[in-house]
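Undergrad: structure for this input, please:
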Amino acid sequence: MRKLMVLLLLMAVAGCGDDDATETGATEQFTQGGVSMEPTVKARQVVTARTVTGMYEARRGDVVLIRSPGGLWGDRKVPLLKRVVAVGGETIACCDTAGKVTVDGRPLAEPYVAEDASLNEPPNADYCGPRRFAAVTVPADSVFLMGDSRARSNDSRCAGPLPVSSVFAVMVG
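TA: Next comes the predicted model:
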């Protein structure tokens, strides 16, 4: 019995048998291919990201790499870098009277947005145009992603939320 208790204690300290689904793996470097995350990440800038080895625990503000599902998200072969703006269960909309994105009715402070999209540009089937969009309740285990350069980003505004399982890495530097 004593050996079993020592073994369990060692496993707990070492993390063996831990069901924490937010484990992260090694870091990798990726080159940003486009301008959708400027000014935070410039085109052709190399970023370091920690790979997700379990289920990613979505956090608003994280900059994540996703595998494109295609459609308005773009080429399926190219990883995309976007910011988590809302997580499962939250309701996101744009815009309040000041033109700000809201989550659960509260305006977000988004100092990282330098080039916002126009408020009322006519919709375009090929890209996300206007920043105004109707309220969306993000499904459980999903994320609502947007680029920091809203005027030059295809993202959840027009393509909808993505499953958390689409996230394969989180930027760390």
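Undergrad: what helix or strand is Arg59 located in?
TA: Here Arg59 sits in a region with no helix or strand, counting by DSSP states H and E.
Undergrad: contacts only, for Gly99.
TA: Applying CB atoms under 8 Å, 6 or more residues apart in numbering to Gly99 gives the contacts Asp116, Leu119, Arg131. In short, each C-beta sits where N, CA and C put it, glycine included.
Undergrad: for the chain, just list every one of the strands.
TA: All strands of the chain, identified by DSSP state E, fall at 24-31, 46-52, 63-67, 79-87, 91-94, 101-103, 106-107, 133-137, 142-146, 162-163, 167-171.
Undergrad: so which of those strands is the most surrounded?
TA: Across the strands of the chain, the average number of neighbours (mean count of other CB atoms under 10 Å) peaks for strand 142-146, which reaches a mean of 27.
Undergrad: against which helices or strands is that strand packed?
TA: Other elements packing on strand 142-146 under the criterion 3 or more CB pairs under 8 Å, 6 or more residues apart in numbering; DSSP states H and E are strand 63-67, strand 79-87, helix 156-159, strand 162-163.
Undergrad: if we go to 6 Å?
TA: strand 79-87 (3 or more CB pairs under 6 Å, 6 or more residues apart in numbering; DSSP states H and E).
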